[in-house]
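1. Need coordinates for the below:
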Amino acid sequence: MGELYRGEPTETTAKLRDKLMVKPPLLAVVGDFVAANVIAAGLFPDIVVVDNKTLRVQIKPVVHGLKEVKVPNEAATINAKAWLALRTAVTLKRRVAVVVEGEEDLLVLPLLAEMPLGSVIAYGQPHEGLVAVTVSEERRDWARGFLNRMEMKRQ
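-> Modelled structure (predicted):
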């Protein structure tokens, strides 16, 4: 969806830092490994979305000092509570960690749909590097279209 920065975390976070030279309205990071490396690089995301797992293996929480909101989100789904938490985080424009009980991978999509134009979302591409997406009208429309085509699961 965005630019793939290949390499080790120090290289990918340096490239992300360069991208952020023009300060975006918001910076969101999805994924524990990326979040840990972005924070360690001294970048301070407004929204961090984690599930306390890396490559499906449980890890120690990487988010400290942020207001945490816990939400459910099963694998391969986008839970309404998770989406609402992301929408609220975008609206409040405060540093917040959305801690997912389940899996956070698809939550990049509602972030693309909700974040202001020019915002940046970073997420991991396993065994490759970091992807940085700048929210544009085109990417927002694509995300909204994709989300509208997803099948609704009855509770």
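2. List the neighbouring strands of the helix or strand bottoming out on mean pLDDT in the chain plus their orientation.
-> The weakest-scoring helix or strand in the chain, judged by mean pLDDT, DSSP states H and E, is strand 57-58 (a mean of 84). Sheet pairing of strand 57-58 (DSSP bridges) gives strand 53-54 (antiparallel).
3. mind checking the SS state of the nearest residue to residue 136 once chain neighbours are set aside?
-> Spatial nearest neighbour of residue 136, chain neighbours left out: residue 117 (6.5 Å); criterion: Cβ to Cβ, 6 or more residues apart in numbering. The C-beta positions use only the backbone N, C-alpha and C, and glycine is treated the same way. For residue 117, the assignment made with DSSP: H, G, I helix; E, B strand; the rest coil gives coil.
4. ranges for the helices of this protein?
-> Ranges of helices in the chain, per DSSP state H, are 9-19, 32-40, 80-92, 108-114, 137-149.
5. Using CSV, list the CA coordinates for the shortest one.
-> Output in CSV follows, covering the C-alpha atoms of helix 108-114 (Å, rounded to 0.1, in the frame of the first residue of the first chain):
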residue,chain,number,x,y,z
VAL,A,108,-4.2,-0.6,8.9
LEU,A,109,-7.4,-0.4,6.8
PRO,A,110,-9.6,1.5,9.2
LEU,A,111,-6.7,3.8,10.0
LEU,A,112,-6.4,4.6,6.3
ALA,A,113,-10.1,5.3,6.2
GLU,A,114,-10.1,7.5,9.3
